[in-house]
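K.L.:
give me coordinates for this.
(2 chains)
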Amino acid sequence: KNQVEQSPQSLIILEGKNCTLQCNYTVSPFSNLRWYKQDTGRGPVSLTIMTFSENTKSNGRYTATLDADTKQSSLHITASQLSDSASYICVVIPRGGYSSASKIIFGSGTRLSIRP
Amino acid sequence: SQTIHQWPATLVQPVGSPLSLECTVEGTSNPNLYWYRQAAGRGLQLLFYSVGIGQISSEVPQNLSASRPQDRQFILSSKKLLLSDSGFYLCAWSVSRGAYTEAFFGQGTRLTVV
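P.N.:
Numbers count the residues shown, from 1 in each chain, chains lettered A, B, ... in the order given. Have a look, this model is predicted:
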């Protein structure tokens, strides 16, 4: 069964500090892996998109890594800001096809809180 | 350009009233369509999945139903809402182009059943 697991479930850090969020997946084969930021009550906003052949992707203070061998991805946030408080969701898009195997797989997310 | 519209953004409905949430897609054809629900403090749970017009797969037993009357229209409905139907509902679509699959998400609807 295709799964995406994220850790930690929640995280509290001080403003200005760095943090790393983890995503382990079993989806195979997959087309691309994405990290999203979701503010409460809002739709997910894309941070990074990596295809199965990419190892890293940056977007400002966000850097995502992908290890296809160990089926792990991480999202590193540097110099955190209060506005970074949100849920961060790892999403795996299976490769191709119109079948139940091609459903988008969401992780349960990491709830990040930045304290002043 | 490819985009997805979902409305309304927020909705407050009394228990026992009907529900209709609509999602439409632009800029692509024959997409896979999805309805997800997110309870407070929880992750996104897949409710329904559609690979074509009139083709609906239900992932979890519930008080809701889905329909796809047109290729790029996906509707989430209920005849009688329950308090437990409150939550954040998200529509999404995906289309495969060779080895790469594109996906977009709507802005979501926050439903409060009172």
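K.L.:
mind listing the strands for the chain?
P.N.:
Here I'm looking at chain A. For chain A, applying DSSP state E gives strands covering A:4-7, A:10-14, A:19-25, A:30-38, A:45-51, A:56-59, A:62-67, A:72-77, A:86-94, A:105-106, A:110-115.
K.L.:
should've been chain B
P.N.:
B:3-7, B:10-13, B:19-26, B:32-38, B:44-52, B:55-58, B:65-70, B:73-78, B:87-97, B:100-105, B:109-113.
K.L.:
what's the most buried one of those strands?
P.N.:
strand B:32-38 (a mean of 24; mean count of other CB atoms under 10 Å in any protein chain shown). Bear in mind the C-beta positions are built from the backbone N, C-alpha and C, glycine included.
K.L.:
one step back: and the strands of chain A as a markdown table, adding mean pLDDT?
P.N.:
Formatted as a markdown table, these follow (pLDDT from 0 to 100):
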| stretch | mean pLDDT |
| --- | --- |
| strand A:4-7 | 94 |
| strand A:10-14 | 96 |
| strand A:19-25 | 97 |
| strand A:30-38 | 91 |
| strand A:45-51 | 93 |
| strand A:56-59 | 96 |
| strand A:62-67 | 97 |
| strand A:72-77 | 98 |
| strand A:86-94 | 91 |
| strand A:105-106 | 85 |
| strand A:110-115 | 95 |
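K.L.:
pull the number of nearby residues for B:Ser84.
P.N.:
Taking other CB atoms under 10 Å in any protein chain shown as the neighbour definition, B:Ser84 ends up with a count of 11.
K.L.:
look at it and report its pLDDT.
P.N.:
pLDDT recorded at B:Ser84 is 91.
K.L.:
tell me which residue in chain B sits closest to chain A.
P.N.:
At 3.1 Å from chain A, B:Gly43 is the closest residue in chain B, using CB to the nearest CB.
K.L.:
isn't that residue up against A:Ser108?
P.N.:
Yes - counting by CB atoms under 8 Å, B:Gly43 touches A:Ser108, with 3.1 Å between them.
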